[in-house]
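>>> Need a 3D model of the sequence below.
(one chain, ligands or ions: 1)
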Amino acid sequence: MSNGGKDLLAEGRRRIEWAGRNMPVVAAIRERFAKERPLAGKRVGACLHVTTETANLMLTLRDGGAAVALCASNPLSTQDDVVAALNAAGIPVGSRRGEDSAAYYKNVRAVLDTRPNLVMDDGADLIATLHKERADLLPGVTAGTEETTTGVIRLRAMERDGALKIPLVAVNAAQTKHMFDNRYGTGQSTIDGILRATNCLLAGSTFVVAGYGWCGRGLASRARGMGARVIVVEVDPLRALEAAMDGFRVMPMADAAREGDIFVTVTGNIRIVTGEHLQVMKDGAILANSGHFNVELDLGALAAMATGRRQVRDNVEEFALKDGRRLFVLAEGRLVNLAAAEGHPAQVMDMSFANQALVAEWVLGGRAKLEPRVHVVPPDIDAGVARLKLDSMGIRIDELTAEQRRYMTSWQSGTE
Ligand code: NAI
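Prediction:
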C-alpha cells in the first residue's frame, strides 16, 4: 500500500491521532465508554464521510462495545488512508475515494448486511436504502441518527409520507451541532477546499454565496474575512434581510451571475445555478458547491453548452464555451470542502460526534422509548456537550444565583 511513497495504514493512523488530539469531548466519552461498555452486544451501521474525525467516532463506538461497520456518505469524500486504518482496527469499510455510484451503493448495502441495531446516517442514503430494499431488517433496528440538514429534510419527508418505520434522532438539530459545525466548520473548510483546488486570491474577488442558512452565514463571513466582496443570494425574506443587515449585498442569482468571480451554492436545494446564469458569467468564473448533494449546480446544462472540457488541476475541471469563455467547476460539484480539502476541522466535529456517540448510548441503552418519527436531541445531551466543550477550552462561566433563578420564573416583580 502506498500513497505517494507513504504507507497508507501508518499515514491513516497518524492523521486519526492528530484529529483525536483536537476532539477532547469525544476522547472523554471514549474513555468512559471503554470502562462502561454501554453499547456491548449492539451493532452500529454508519454512512458518514470517511475522515479522520469520523474514525475517532467509530473507535469510540467500538470501545463502547459495539460492532461497527462504515461506508462513505459521498463518493468523493473518502480518505483512503483512514479506510486502511479503520479496517486494521476491526471496523470494516469498503468505500474508496472516487468510487462510482454502483460501488457507492454496494458499500451502503454491505453495511446493511451487518444487520445494524442503529443506523447512523449523513444525507439519509443508508436509511432510505434500508426502507426501500431491506425492510426485512427493520424489526432489528432500534433507531437511526442523521447528521446533516439535507438528511433531516429527507427523513421528515419520509415521516410525512408515512414511510418512516424507525425512530430517528436529528443530530443536526442539536444546537451544539448546527451552530458550530454548519456555520464555522462549513465556513472554514469550504474556503479551504476552494483554495487547495485553485490557489486563487480571495482578496478583491467577488464571491457569491447562494443560501444564507447556517452554512451560508459561516461561509459569507469567512470569505469577507479574506477580503472578498461577498454577494448573498436567498429566497427566504428573513434570511435575505439578515444578510443585508450583516452588511452583504443581496440580489437574485440572475444579477449575481454577471458579477461573480467565485460562486458557492450551499442551499440543500436543486438547480441554484442554471444554464441561464451560466450564459452570462464572466470568463474564468469558478463554480463550487458545499450543499450536501451534487445537484445545486446544473452541470448537465454546462456540459451541453461546452465545446470542450478538461481537467486543469486536481479537482478543477475547465468547460470551454462556444463564445470563448471558460468556466471552472470544482470537485464535480460535490461537497467542495470534503472533496478538495479534508472536511471540517476536528474541533467542531468534536461536538457533532459527541452528540452522535451520546445519542447512540441513549437510544441503544434502552432508556428511550421512541415512536417511529423524527426526534430532536434531548436538551440535556446538547447542553452537556456544550459544557464539556467549554471545559476542554478552559473557559469558565457564571451560574445563576438562587435569586436570579426565582426572578426569571416569576411574574410578581416588574418596574421598581
Ligand atoms: P439551512 O436550512 O440553514 O439553510 C439553507 C438556506 O438556503 C435557507 O436559508 C434557504 O432559504 C436557502 N435556499 C433554499 N433554496 C434556495 C434558492 N433556490 N436560492 C437561494 N437560497 C436558497 O441549511 P444549512 O444547515 O445551511 O445546510 C445547507 C446545505 O449544506 C444542506 O444540504 C446541508 O446538508 C449541507 N451541509 C454541508 C456541510 C458540508 O460539510 N459542506 C455541513 C453541513 C451541512
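>>> Show me what counts as buried in the helix or strand hosting Leu287.
Using DSSP states H and E, Leu287 maps to strand 286-289. Across strand 286-289, burial judged by 16 or more other Cβ atoms under 10 Å covers 286-289. (Each C-beta comes from the backbone N, C-alpha and C, glycine too.)
>>> cool, and stretch 119-132?
119-131.
>>> Mind putting those residues into JSON lines with secondary structure?
Conversion of the buried residues of stretch 119-132 to JSON lines gives the following (DSSP: H, G, I helix; E, B strand; the rest coil):
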{"residue": "Val119", "secondary structure": "strand"}
{"residue": "Met120", "secondary structure": "strand"}
{"residue": "Asp121", "secondary structure": "strand"}
{"residue": "Asp122", "secondary structure": "coil"}
{"residue": "Gly123", "secondary structure": "coil"}
{"residue": "Ala124", "secondary structure": "coil"}
{"residue": "Asp125", "secondary structure": "helix"}
{"residue": "Leu126", "secondary structure": "helix"}
{"residue": "Ile127", "secondary structure": "helix"}
{"residue": "Ala128", "secondary structure": "helix"}
{"residue": "Thr129", "secondary structure": "helix"}
{"residue": "Leu130", "secondary structure": "helix"}
{"residue": "His131", "secondary structure": "helix"}
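>>> what's the farthest-apart pair in those residues?
Asp122 and His131 (16.5 Å; Cβ to Cβ).
>>> Nearest residue to Val264 in space, please, no chain neighbours.
Ala288 (5.0 Å; Cβ to Cβ, 6 or more residues apart in numbering).
>>> That neighbour is in contact with Asp192, isn't it?
No. Ala288 sits out of contact with Asp192 when judged by Cβ atoms under 8 Å, with a separation of 11.6 Å.
>>> close to the ligand, is stretch 282-297?
Yes. Stretch 282-297 is in contact with the ligand by Cβ under 6 Å from any ligand atom, via 290-292.
>>> Most neighbours among these, which one?
Ser290 (31 neighbours; other Cβ atoms under 10 Å).
>>> sorry, back to before: for the buried residues of strand 286-289, which one is nearest Pro345?
Ala288 (18.6 Å).
>>> show me the contacts for the closest one.
Residues in contact with Ala288 (Cβ atoms under 8 Å, 6 or more residues apart in numbering) are 190, 193-194, 197, 262-265, 329-331, 333, 336.
>>> average pLDDT for stretch 250-265?
The pLDDT scores in stretch 250-265 average 98.
>>> just stretch 386-397 next, same as before
The average pLDDT for stretch 386-397 rounds to 97.
>>> Verify the stated contact: Gly218 with Asn182.
Yes. Between Gly218 and Asn182 a contact is recorded at 6.9 Å, counting by Cβ under 8 Å.
>>> still on that earlier bit, from the buried residues of stretch 119-132, which single one is nearest Arg109?
Thr129 (6.8 Å).
>>> so what's the closest one up against?
Contacts of Thr129 by Cβ under 8 Å, 6+ apart are 105, 108-109, 112.
>>> Tell me which two in those residues are the farthest apart.
Tyr105 and Leu112 (10.3 Å).
>>> And those two? Which one has more around it.
Leu112 (21 against 15).
>>> Would you pull up how far stretch 140-152 lies from the middle of the chain?
Here the centre of stretch 140-152 is set off from its chain's centre by 13 Å, with Cα atoms, centre = their mean, to the nearest Å.
>>> Quote the end-to-end distance of that stretch.
22 Å (Cα to Cα, to the nearest Å).
>>> any bit of it sitting next to the ligand?
Yes. Part of stretch 140-152 sits near the ligand under the criterion Cβ under 6 Å from any ligand atom, namely 148-150.
>>> Tell me the one of the buried residues of strand 286-289 nearest the ligand?
Using Cβ to the nearest ligand atom, Asn289 comes nearest to the ligand of the buried residues of strand 286-289, at 8.5 Å.
>>> Relative to Gly187, how far out is the closest one?
Applying Cβ to Cβ, to the nearest Å, the value for Asn289 to Gly187 is 15 Å.
>>> Mind telling me what element the closest residue to Met23 other than its chain neighbours is part of?
With Cβ to Cβ, 6+ apart as the criterion, Met23 has its nearest non-adjacent residue at 4.0 Å, and that residue is Asp350. Counting by DSSP H and E, the element that carries Asp350 is helix 346-364.
>>> Next one, pLDDT for the residue nearest to the spatial centre of the chain please.
With distances taken as Cα atoms, centre = their mean, Thr148 lies nearest the centre of the chain, 5.5 Å away. At Thr148, the model reports a pLDDT of 96.
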